[in-house]
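Asks: Mind looking at a prediction? Sequence and model below.
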Amino acid sequence: MGAHLELQQLAKEYPGHTALAGVSLEIAQGEFFGLLGPSGCGKTTTLRLIAGFEQPTRGQILLEGRRLDGLPPYHRNVSTVFQSYALFPHLTVRENIEFGLRYRNGAGRQAMQECIEMLGLGDKLDRFPRELSGGEKQRVALARSLVLRPAVLLLDEPLSALDPNLRKQVRVELRALQRRVGITFVFVTHDKEEALSLSDRIALLRNGRCEQLGTPQELYLHPRTSFAAQFLGPMNWMEGFGLRPEATQVSRVPPGADRKSAPARVLASLFLGNCIHVEAELDNGRRIVSEVSPFEGTFQPEERVIVSWRADDEIRVAEP
Amino acid sequence: MNARLRAAALAPAAALMIATVAVPFVVLAAYAFQTRGAYGGVMPPWTAENWLRLADPLYAGILARSFLAAAVSTAFCLLMAFPLALAISRAGRWKNLLLALVMVPFWTSLLIRTYAWMFLLRDTGLVNSLLMKAGVISEPLPLLYNWGAVVLGLVYAHLPFMVLPLYAALERQEPHLLEAAADLGARDWQAFWRVTLPLAAPGIRAGVLLVFIPCVGTYLIPDLLGGGKTILAGTLIQNQFTAARDWPFGAAVSLALMAVVLTLLWIEARRREEPLL
C-alpha cells in the first residue's frame, strides 16, 4: 500500500511550547486512521496542520505525493468535521450541506442527493441546526464535508459531543460509513476504546511525538512502552513484564502445565455482570487485578487462590 | 414577591414615566389639533390645519433632510463601526480595554464634546491653523457650519452606540465557523459575506436603530455644528416652541417624527416576530 497522506517530520512550535516535535506517518488510501493520546499530546495540532488551519514550523505534509503544507484550507482537498460540528446556525440543513458546493467542483446535485440519503437527512433539510439533536448535527457535519468528496476526511473527537448512550451506535455507523464511501478518515480521540474500535491503525502520540504506531491489536497486545501499555488499558506489572487483567485467571485449583501461576490471597471481588474484577495480593506482595468470567463462580475476601496466565500473554516493554 | 410588594416597587418608575412621557404625550396630542395663541400657548378652535402644513414643501423638506442626515450618519457609523467591532471581538485579552476606550467619550457631556469640535473646525481652529502653518492651504477651509460638520458630529456622537451591539453580535460567533467556511472552500471575503455578516445581522439592526432614532430627532449637534443654517427637525420643533410661538405646529411636527420612528420600530419588531410593546 502506497502512502496516500504522508507526514514527514512534522513539527509545530509556539513561543515557549512545542506542540508537535517531529511526527512522521504514512496513511494509506481508504484507511481509518486514529490519532490517540492524552490532552496536549499534539493530536489536535496534527489534525489542524493537515486541515491547514495552522502552518507547521518544520516538516511536510503530502497528499497523493503533492505538498499540502503552505496551501490555505480552501485549496486543500481535505475536509474537517469539527468537535463542535461548527454548523452555520443561520443556515438550514440543506444550505449547510450546499455551502461548499459552489467553491468546489464536486459532483453537485447528484452527490448532494447521495449524501442526504446515506446519512438519512431527507426529512431534516429545512430545519435549522438549533432544531437538531447531537447525532443529527453530526450527520449534517459529515454530509457537509462528504458532499465535496474530499481525499481525506478529518474528524476531531467525533463522538465526544454525543450522548454516551448514542456513542456505541454512532461508532458502528461511522465505521460502516467510512467503508461505504472509501475515503481516508483521520480522526483524533483521547478515548482508547474509540480508537481501538474505529481504527484500522492507530498512532499513539505523547508529548508531540509518536509513541507507537500500529493496528489496535498491536497496540493493545504488544505495547512497546509502559506508557502505551497503560494508556490503552489497565495493566498489572510483574517482574520484567506486564499482564492485562483479562489475560489472568483466578482459580482454586492449580492450572494446566501450559500456564504460569502464582499463589495469592483475594482482597476484594467486584461483580460487574459481564465479568468479575478480582483484586488479589500475590505471595510476593504484588497486587494484581484480574478480570474473571462471571461463570467462574464467586471469590471471597481472604480466600487462597492461584493466579495464572499464558507466557505468550506477557507484555514486555522497552522500559520498565 | 407578592403582588402588593411588586406594585410598590414598580410605582416610582411608573409614576415617573407617566409624568414625563404619557402626560406630555397627551398634552402634545391635544396641542397639535388646536390653534396658536398670539403669545404662544394654544387656544380653540380645534383644527387639522397644523397637520396639513406638514405637507408644505418647506417643512416636508426639513423632515426629509432630517431623515437623510440620520440615514447618512447611520451609514457612516455602520461602515466605521463594523471593522472596529470585528477587530475588538478578535483582540483576545485586549477586548475589555478596547471596549472601555470606546466608551470613554461618555465620561464627558455631549455638549462639551460638541463645543470641542467647534474649536477644532472653525476658521481659526486647530485643523485650519495647522494646515495653514504647514502651507497646505492659504485660506481657512469652511469646515464648520455646514452639512459635513453636522454629519461628522452625528457620526462622532453615535459611533459607540453602533460599536457595542455589533461587538455583542460578533463576539458571540463561534470561531470555528470561519475555519469551517475556509475548510469548505470559502475565501476569507466569502466567509465574511456568508457567515460573519449574516450572523451579525441582529447587531446591525440594533445598532442602526440605536443610531438612526436619536439622529432623526437630534437638536444639539445640528444647531451647534450646523450654525442654524442647516435646519433639521429638532431645530424646527425648538423654533416653533420659542421664536415662532407656534406651539400647535411644533406639537404636530414632534408627533409626526415620533410616528415615523415608531413605525420603524414596529417594522423591526415584526421582522423578529416579537410584540412591540
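Replies: Received it, and whenever you're ready, just let me know what you need. This structure is a prediction, so every number in the text was calculated from the model and none was measured.
Asks: For the lowest-mean-pLDDT helix or strand in chain B, which helices and strands make contact with it?
Replies: Counting by mean pLDDT, DSSP states H and E, chain B has its least confident helix or strand at strand B:42-43, which shows a mean of 77. Where contact means 3 or more Cβ pairs under 8 Å, 6 or more residues apart in numbering or on different chains; DSSP states H and E, strand B:42-43 is packed against strand B:35-36. (Glycine included, C-beta is placed from N, CA and C.)
Asks: picking that back up, mind listing the strands the least confident helix or strand of chain B pairs with, and their directions?
Replies: In the sheet, strand B:42-43 lines up against strand B:35-36 (antiparallel) (DSSP bridges).
Asks: In contact with the closest residue to chain B within the stretch 101-250 of chain A, which residues?
Replies: Chain B sits closest to A:Y103 of the stretch 101-250 of chain A, with a gap of 2.9 Å, by Cβ to the nearest Cβ. Contacts for A:Y103 were tallied using Cβ atoms under 8 Å, 6 or more residues apart in numbering or on different chains; they are A:Y74, B:L184, B:G185, B:A186, B:Q190.
Asks: What about the second one, how many residues nearby?
Replies: The reference is to B:L184. By the other Cβ atoms under 10 Å in any protein chain shown criterion, the neighbourhood of B:L184 contains 30 residues.
Asks: residues touching it, list them.
Replies: A:Y74, A:S79, A:F99, A:G100, A:Y103, A:R104, A:R144, A:S145, A:L148.
Asks: Please tell me the pLDDT value assigned to the third one.
Replies: At A:F99, the pLDDT value in this model is 94.
Asks: That one reaches A:V93, doesn't it?
Replies: No - applying Cβ atoms under 8 Å, one finds A:F99 not in contact with A:V93, separated by 10.9 Å.
Asks: quick one: which of the two has more around it?
Replies: A:V93 (26 against 23).
Asks: for chain B, what are the nearby residues on chain A?
Replies: For chain A, the contact set with chain B under Cβ under 8 Å from any Cβ of the partner chain comprises A:51-53, A:72-74, A:79-80, A:82, A:84, A:86-90, A:99-100, A:102-104, A:144-145, A:148.
Asks: any weak-confidence spans in the stretch 101-250 of chain B?
Replies: Along the stretch 101-250 of chain B, the model assigns pLDDT under 70 to no residue.
Asks: let's see 90
Replies: B:103-110, B:114, B:116, B:118-150, B:175, B:216-248 (pLDDT under 90).
Asks: With respect to per-residue confidence, which of the contacts of B:L184 is lowest?
Replies: A:R104 (75).
Asks: so what's that one up against?
Replies: Counting by Cβ under 8 Å, 6+ apart, A:R104 has contacts A:L148, B:L184, B:G185.
Asks: Could you confirm A:G34 falls within a helix?
Replies: No - A:G34 is assigned strand when assessed by DSSP: H, G, I helix; E, B strand; the rest coil, not a helix.
Asks: give me the number of residues near it?
Replies: 28.
Asks: Check B:A243 too.
Replies: B:A243, neighbours per other Cβ under 10 Å, totals 8.
Asks: gap between it and B:A7?
Replies: 45 Å (Cβ to Cβ, to the nearest Å).
Asks: Then B:A134?
Replies: B:A134 is 66 Å from B:A7, by Cβ to Cβ.
Asks: between the two, which one's more packed in?
Replies: Taking neighbours as other Cβ under 10 Å, B:A134 and B:A7 compare with B:A7 leading, 11 against 8.
Asks: Give the next helix or strand downstream of the helix or strand harbouring the more buried one.
Replies: For B:A7, the element it lies in under DSSP states H and E is helix B:3-17. Using DSSP H and E, the helix or strand that directly follows helix B:3-17 along the chain is helix B:23-31.
Asks: who touches that following helix?
Replies: So helix B:23-31 is contacted by B:V42, B:W247, B:P248, B:G250, B:A251, B:S254, B:L255 (Cβ under 8 Å, 6+ apart).
Asks: For the first one, give me its contacts.
Replies: Neighbouring residues of B:V42 by Cβ under 8 Å, 6+ apart: B:A30, B:Y31, B:Q34, B:T35, B:R36, B:W247, B:P248.
Asks: Bridge partners for it, pull those for me.
Replies: If you apply DSSP bridges, the partners that B:V42 bridges to are B:R36.
Asks: What separation do you get for it and chain A?
Replies: 52 Å (Cβ to the nearest Cβ, to the nearest Å).
Asks: Would you mind writing the ChimeraX command to select the buried ones in the contacts of B:V42?
Replies: Paste this into ChimeraX to select the buried members of the contacts of B:V42, with burial taken from 16 or more other Cβ atoms under 10 Å in any protein chain shown:
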select /B:31,34,36,247,248
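Asks: what's the most distant pair in the contacts of B:V42?
Replies: B:A30 and B:R36 (13.6 Å; Cβ to Cβ).
Asks: hmm, back to that, packing partners of the helix or strand following the least confident helix or strand of chain B?
Replies: Note on strand B:42-43: by DSSP H and E, the next helix or strand toward the C-terminus is helix B:49-53. When contacts are defined as 3+ Cβ pairs under 8 Å, 6+ apart, helix B:49-53 packs onto helix B:247-271.
Asks: Can you list the buried residues in the helix it packs on?
Replies: Neighbour-count burial for helix B:247-271 [16+ other Cβ under 10 Å]: B:247-257, B:260-261.
Asks: from the residues you listed, which single one is nearest chain A?
Replies: Of the buried residues of helix B:247-271, the one sitting nearest to chain A (Cβ to the nearest Cβ) turns out to be B:V261, at 28.0 Å.
Asks: Now do the same contact list for that closest one.
Replies: B:I213, B:V216, B:G217.
Asks: Could you dump these into TSV and include secondary structure?
Replies: Output for the contacts of B:V261, formatted as TSV (three-state DSSP):
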residue	secondary structure
B:I213	helix
B:V216	helix
B:G217	coil
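Asks: tell me what the longest helix seen in chain B is packed against?
Replies: Ranked by residue count under DSSP state H, the longest helix found in chain B is helix B:57-89. In terms of contacts (3+ Cβ pairs under 8 Å, 6+ apart), helix B:57-89 is packed against helix B:95-103, helix B:147-171, helix B:201-216, helix B:233-241, helix B:247-271.
Asks: chain center to the last one: distance?
Replies: In other words, helix B:247-271. Centroid separation between helix B:247-271 and its chain, computed with Cα atoms, centre = their mean, to the nearest Å, is 14 Å.
Asks: For A:T298, give me the pLDDT.
Replies: 84.
Asks: So it is in contact with A:I276, correct?
Replies: Yes - under the criterion of Cβ under 8 Å, A:T298 makes contact with A:I276 at 7.1 Å.
Asks: shared neighbours of those two, anything?
Replies: Common neighbours of A:T298 and A:I276 (Cβ under 8 Å, 6+ apart) are A:S269.
Asks: Give me the more crowded residue out of those two.
Replies: A:I276 (20 against 12).
Asks: In JSON lines, list the contacts of A:Y103 along with secondary structure and distance to A:P38.
Replies: As requested, the contacts of A:Y103 are exported to JSON lines (DSSP: H, G, I helix; E, B strand; the rest coil; distance: Cβ to Cβ, whole Å):
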{"residue": "A:Y74", "secondary structure": "helix", "distance to A:P38": "32"}
{"residue": "B:L184", "secondary structure": "coil", "distance to A:P38": "30"}
{"residue": "B:G185", "secondary structure": "coil", "distance to A:P38": "33"}
{"residue": "B:A186", "secondary structure": "coil", "distance to A:P38": "34"}
{"residue": "B:Q190", "secondary structure": "helix", "distance to A:P38": "37"}
